[in-house]
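*Asks:* Quick one: sequence and predicted model below, then my questions.
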Amino acid sequence: MSEVPALSIKHLSKTYANGFSALKDVSLTVPQGGFFALLGPNGAGKSTMIGIISSLFKPTNGSVHIFGADLLANPSVAKQYLGVVPQEFNFNQFEKVEDILITQAGYFGISAKESKPRAERLLKALGLWDKRDSMSRELSGGMKRRLMIARALIHKPKLLILDEPTAGVDIELRRSMWEFMQQINIEENTTIILTTHYLEEAEQLCKRIAILDHGEIRINTEMKDLLAQLSVETFVLDLTQPLTQPLVIDKVTEIAQPDELTVEVTLSEGETLNCVFEQLTKLDIEVASMRNKSNRLEELFMRLVDKNIQNEDSMKEAGL
C-alpha cells in the first residue's frame with residue numbers, strides 16, 4: 001500500500017466574485033518528509049493556494065487532503081496536521097513572546113503544562129529564549145519572523161508551510177534559519193512547503209519545485225533537473241571585513257574580487273556557495289549581504305511569460 005501524501009490537491013480552482021480566476025484546475029502532490037518549493041511571479045496564485053490550504057477561504061472546485069484528511073469535509077482533523085507561517089506578522093503585539101506560543105497551543109487542545117517545555121525548546125532553538133518575557137512588539141523584524149515559525153510549530157504539525165519566511169532578513173540570520181528548517185525536516189520528518197523570491201534559497205533547501213503562473217502549474221520537477229536548464233549565475237557577496245588574500249576554491253566556476261570588501265562568485269550547474277562560506281568562516285570574515293548579479297528566478301519567469309505569449313499566438317493563428 002502506497003504512503004499517504006502529506007498534501008494532495010486535485011483539480012483545485014478559485015474564481016473570485018469579480019470573475020478573476022486565481023487558480024485553474026491545479027493538481028499537486030507533496031510526499032511525506034519532502035522539502036518542496038512553490039514559486040511563481042507576483043499574482044501567480046500562490047497566496048490563493050495557501051489561503052485555501054489554511055482555510056482562509058473556500059475553493060470554487062476541487063479537493064485538498066492533508067495526510068489523508070479532507071480539508072473541506074473534516075477541517076478540524078486536517079488542520080491538526082498543518083502549521084502555517086504567513087508573510088505578514090499576525091500575532092498579538094501586546095502579548096509576551098512565550099505566552100503567544102502557549103496561547104496558540106491551547107487552540108489545539110494542548111495544556112499549558114505540556115506546551116511550556118515545547119515553547120522553551122522552540123524558543124531556544126530559534127534564539128528567542130532571552131526574549132521570552134518581552135512583548136512581541138519589542139522584537140526586531142528578524143525575531144518576529146522566528147517567532148512566527150515557533151508559533152506554527154508549537155502543536156507539532158506534520159506539514160509546515162513557510163510563506164516568504166526570510167523576507168527582509170540579513171544573510172547570516174537567513175543561513176541560521178535555513179539550518180533550522182533543514183533540521184526539523186530531517187530529524188522530525190516534518191514536510192515543508194516553501195515559497196520564496198530567492199531561487200538560491202529554494203535551491204539550497206528543496207529537492208522538488210513547482211512553479212505557478214497565471215493560476216496554473218507550469219513546472220513540477222526535481223530541483224536538479226530544473227537547474228540543469230539554467231545558465232550560470234553570479235552572486236555578489238559584500239563582506240564586513242577586508243579580504244586581504246585571494247580566495248582559491250576549486251569547487252566553483254570563477255571567483256573575482258573587485259575590491260577587498262566584495263567577492264563575486266560564478267556558479268555552474270551543481271555548484272553551491274557552501275564552500276565559499278566555509279572558506280570565509282575560516283578567515284573570520286562575515287558576509288554582510290548577498291545579491292544575485294544574474295537573477296535565475298527572473299530568467300525562469302521570463303521563459304514562462306515568453307512561452308505563454310507563444311502559446312497565445314499559436315491559438316490565435318489556429319482560430320481558437
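*Replies:* Done, it's in. Here the structure is a predicted model, which means the values were calculated and not measured. Residues are numbered from 1 along each chain as shown.

*Asks:* Count the residues that sit near I193.
*Replies:* I193 has 24 neighbouring residues, counting by other Cβ atoms under 10 Å. In short, each C-beta sits where N, CA and C put it, glycine included.

*Asks:* Next: the one 10 residues further on.
*Replies:* Neighbour count for E203, taken as other Cβ under 10 Å: 21.

*Asks:* and if you look at F94?
*Replies:* Neighbourhood size, F94 [other Cβ under 10 Å]: 8.

*Asks:* Please report how far it lies from A105.
*Replies:* Separation of F94 from A105 (Cβ to Cβ, to the nearest Å): 19 Å.

*Asks:* I'd assumed T266 was in a helix, is it?
*Replies:* No: read with DSSP: H, G, I helix; E, B strand; the rest coil, T266 is strand and lies in no helix.

*Asks:* Just list whatever residues bridge to S21.
*Replies:* Beta bridges link S21 to T15, judged by DSSP bridges.

*Asks:* residues contacting it?
*Replies:* Shown in contact with S21 (Cβ atoms under 8 Å, 6 or more residues apart in numbering): S13, K14, T15, G215.

*Asks:* and the most centrally placed residue in the chain, which of the three is it?
*Replies:* The centroid of the chain falls nearest to L194 when counting by Cα atoms, centre = their mean (2.5 Å). The three-state label given to L194 by three-state DSSP is strand.

*Asks:* residue contacts, it?
*Replies:* By Cβ under 8 Å, 6+ apart, the neighbours of L194 are F35, F36, A37, L38, L162, P165, M181, E201, A202, L205, C206.

*Asks:* State the pLDDT value of it.
*Replies:* In this model, L194 is scored at 96, pLDDT.

*Asks:* same thing with the one 5 residues further on?
*Replies:* We note a pLDDT of 75 for L199 in this prediction.

*Asks:* okay, now it: neighbour count?
*Replies:* With other Cβ under 10 Å as criterion, L199 counts 24.

*Asks:* how near is it to G83?
*Replies:* For L199, the distance to G83 equals 24 Å [Cβ to Cβ].

*Asks:* quick revisit: and of the contacts of S21, the nearest to I66?
*Replies:* Set against I66, the nearest of the contacts of S21 by Cβ to Cβ is K14 (17.6 Å).

*Asks:* shouldn't the closest one be in contact with T60?
*Replies:* Yes: shown here, K14 and T60 form a contact pair, counting by Cβ atoms under 8 Å, at 5.3 Å.

*Asks:* between those two, who's got more neighbours?
*Replies:* More crowded of K14 and T60, by other Cβ under 10 Å: K14, with 22 against 14.

*Asks:* which ones are touching that one?
*Replies:* K14 neighbours (Cβ under 8 Å, 6+ apart): S21, A22, L23, G45, T48, I52, F57, P59, T60, G215.

*Asks:* That concludes my questions; thank you for your assistance.
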